[in-house]
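Peer 1: The following comprises the amino acid sequence and a computationally predicted model.
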Amino acid sequence: MASNNRINGSHFPVLGFLLLCLFLPLIFFFVTGLHTVPDQDDISEFSSKQVSKWKEWQALEDLKSLFSKEVLDVIVSSTDDTGPLSLDNFRKNKLSASWRLGGSKTSNSTIELNQPATNVRQEKQKGKEGRSSGGIILSDGRAQLTNSPAQLARRQLIEKRKEKRAAELVKQDDDVIVKLEDLAIERSKSVDSAVLGKYNIWRKEFENENADSNVRLMRDQIIMARVYLSIAKMKNKLQLYQELQSQLKESQRALGEAISDAELNHSAHEKMKSMGQVLSKSKDQLYDCKLVTVKLRAMLQTADEQVRSLKKQSTFLSQLAAKTIPNGIHCLSMRLTIDYYLLAPEKRKFPMSQNLENPGLYHYALFSDNVLAASVVVNSTVLNAKDPSKHVFHLVTDKLNFGAMNMWFLLNPPGKATIHVENVDEFKWLNSSYCPVLKQLESAAMKEYYFKAGHSTTGASNLKYRNPKYLSMLNHLRFYLPQVYPKLDKILFLDDDIVVQKDLTGLWAVNLHGKVNGAVETCGESFHRFDKYLNFSNPHIAKNFDPNACGWAYGMNMFDLKEWKKKDITGIYHKWQSMNEDRVLWKLGTLPPGLMTFYGLTHPLNKSWHVLGLGYNPTVDRSEIDNAAVIHYNGNMKPWLEIAMTKYRPYWTKYVKYNHPYVQNCKLIE
């Protein structure tokens, strides 16, 4: 029994040993096999770090297909330690650390993959291609970027398409810019530059764009303060309301009438700071986008209504100022009149009266009731004449100013030139039986039309109906030149709001080609043509005139009195004036009947003879003014009025005798 137990007990250790010897090699080979499973692309030869770098290379290769070489060069240079985005450069410029870049040193052609020897199980003798078609793995562990011919061709096509598209976009941008500029130019043409306000960025003092930056800031602050003031009152923020109201008054007082920073008070900067603090506080407590928008829109509408109202008022006042005589000129006329009638009759005569009917001399017709204006016309003509002794001035005025006009030129004779003054009220032939316009002017219906007939007493546009010149025969005398001067062949008609800058004798040598009137045309592409002055809905007008015919200007007109008589110009004028008794052909003035009377009988003169617009247009070119023989202050802003444009006034004032005792006594100053 004992022996059997020993035999059975010894079998288990032997059996365990045999099993261990049998399975140990199998376990060894199985475990070893797990580490030696081959990868078809030999990627397993790299460590996990190398695989990561290989993926980075593939990503860069993909980026290369998306960007051009120039872009890649910029990226590479930016990652270079010596480039503009290097760590040292950012430290030097003291920029935020969040903008500092760091990275391995790379180039645009190769990417170094540093592989430690401990992580490489086997080194290849020959380079093999990787997964990417654009990359080759070399034997030294570097990845070199290459491209196949097909890829290169494809990328070239992509680059060409990009360049073509960029060119198209640039061209489109240029076209858009040109269109915007054209639209801006068109809009600028519609600007009424004659009524530009004091705060006008086109004025010369605003050429420096920063000259009024503080002024504009203060005005913006005042606007926002008014907005918050309204909101604070609405929301019952009484303390903030009082602060805003107080600061608003201070800012308005500091700003005053300043239009540039140089005109601001020295305390303005402190007021700006204080206002800024109050506005910041108001924004924190009151700001509501919708509510602020509503308030600003309401303020804009109110301001727009005020502008329209002020514009109407300004137009009305300018019309009123243009139709009145300044106190100084009225004073001058009264003083001269008194002294004229104190003279002995024999001292009231002008010398060289024999020249008045000599057709071989240069004759001028001037019809005016303004002594100072007439003196400038005569004085400027004589001073610029080559031979003043050959110039003869025929002045006609009304009964009220007859003495003053005589006295002025008796005291201030025009050098060697001849002058003569007449009274229109003494032309006995000029009566209502002969002159239809005089008959109309004396009628109750015409006076009713000019003064009462449904015209608002405050309307600026209707104030022109009350212009005294429309009721003065002195204004219509231009249609009777052969009757006034029967012995003359040619005469140059001048308005009293002109200045002569050159010798005018060349006008008598101009060939009018059988026409009666020599004048400068005033029409542009679409304005100052006949349809602007005449009623083409009337069949008489539509049948006889071209609506696109070019208008011309009174103010400097050469009239051939011989041709005038042959063509019976005065008779033509009478015909149209009689037909317009009910004002169905034209409304106002002497230009419309002049256009009709001299239709087809006007010879256009060179524009340099006569430049217009100095009484309403602030944009007349300075070179045109300087080169003009005659400049004309047509419009409301006459040079003797306070509303005159200051930049044009010196052309007129240089011919006024401000040192004359009469002028000084009436306080007429330059």
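Peer 2: Arrived safely.

Peer 1: quick one, strands of the stretch 451-600 of the chain?
Peer 2: 490-494, 498-500, 517-519, 556-560 (DSSP state E, counting those that start in this stretch).

Peer 1: Can you report how many residues lie near residue 533?
Peer 2: Residues lying near residue 533 (other Cβ atoms under 10 Å) number 22. In short, each C-beta sits where N, CA and C put it, glycine included.

Peer 1: Local confidence estimate at it?
Peer 2: If you check residue 533, the pLDDT there is 87.

Peer 1: wouldn't it be in contact with residue 592 here?
Peer 2: Yes - if you go by Cβ atoms under 8 Å, residue 533 and residue 592 touch, sitting 4.3 Å apart.

Peer 1: who touches both of these two?
Peer 2: The contact sets of residue 533 and residue 592 overlap at residue 586 (Cβ atoms under 8 Å, 6 or more residues apart in numbering).

Peer 1: Would you convert the strands of the stretch 451-600 of the chain into TSV that also reports mean neighbour count?
Peer 2: As requested, the strands of the stretch 451-600 of the chain are exported to TSV (neighbours: other Cβ atoms under 10 Å):
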stretch	mean neighbour count
strand 490-494	22
strand 498-500	25
strand 517-519	23
strand 556-560	24
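
Peer 1: Any chance of a markdown table for these, columns distance to residue 160 and mean pLDDT?
Peer 2: A markdown table is the format used below for the strands of the stretch 451-600 of the chain (distance: least, Cβ to Cβ, whole Å; pLDDT from 0 to 100):
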| stretch | distance to residue 160 | mean pLDDT |
| --- | --- | --- |
| strand 490-494 | 72 | 97 |
| strand 498-500 | 67 | 97 |
| strand 517-519 | 64 | 96 |
| strand 556-560 | 67 | 96 |
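
Peer 1: Now render those strands as TSV, adding distance to residue 254.
Peer 2: What follows is those, written out as TSV (distance: least, Cβ to Cβ, whole Å):
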stretch	distance to residue 254
strand 490-494	52
strand 498-500	43
strand 517-519	55
strand 556-560	51
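
Peer 1: Could you list the low-pLDDT ranges of the chain?
Peer 2: Along the chain, the parts satisfying pLDDT under 70 run over 1-147, 169-178, 180-181, 183-211, 319, 322, 446-471, 524-527.

Peer 1: what are the ranges of the strands in it?
Peer 2: Secondary structure of the chain (DSSP state E): strands located at 110-111, 128-129, 135-137, 143-145, 362-367, 391-397, 418-423, 490-494, 498-500, 517-519, 556-560, 602-604, 610-611, 630-632.

Peer 1: Among those, which comes closest to residue 620?
Peer 2: In terms of Cβ to Cβ, the element of the strands of the chain nearest to residue 620 is strand 610-611, at 6.8 Å.

Peer 1: Now stretch 623-637: buried residues?
Peer 2: For stretch 623-637, a neighbour-count test (16 or more other Cβ atoms under 10 Å) marks 625, 628-637 as buried.

Peer 1: Send me that stretch as PDB with only the CA atoms.
Peer 2: In PDB, the C-alpha atoms belonging to stretch 623-637 read as follows (Å, rounded to 0.1, in the frame of the first residue of the first chain):
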ATOM      1  CA  SER A 623      -9.500 132.500 -64.200                       C
ATOM      2  CA  GLU A 624     -12.700 133.300 -66.200                       C
ATOM      3  CA  ILE A 625     -13.300 136.400 -64.000                       C
ATOM      4  CA  ASP A 626      -9.800 137.600 -64.500                       C
ATOM      5  CA  ASN A 627      -9.900 137.100 -68.300                       C
ATOM      6  CA  ALA A 628     -13.300 138.700 -68.800                       C
ATOM      7  CA  ALA A 629     -13.800 142.100 -70.400                       C
ATOM      8  CA  VAL A 630     -17.000 142.600 -68.400                       C
ATOM      9  CA  ILE A 631     -18.100 140.800 -65.200                       C
ATOM     10  CA  HIS A 632     -21.800 140.900 -64.300                       C
ATOM     11  CA  TYR A 633     -23.200 140.700 -60.700                       C
ATOM     12  CA  ASN A 634     -26.600 139.400 -62.000                       C
ATOM     13  CA  GLY A 635     -28.700 138.000 -59.200                       C
ATOM     14  CA  ASN A 636     -29.700 139.200 -55.800                       C
ATOM     15  CA  MET A 637     -26.200 139.500 -54.200                       C
END
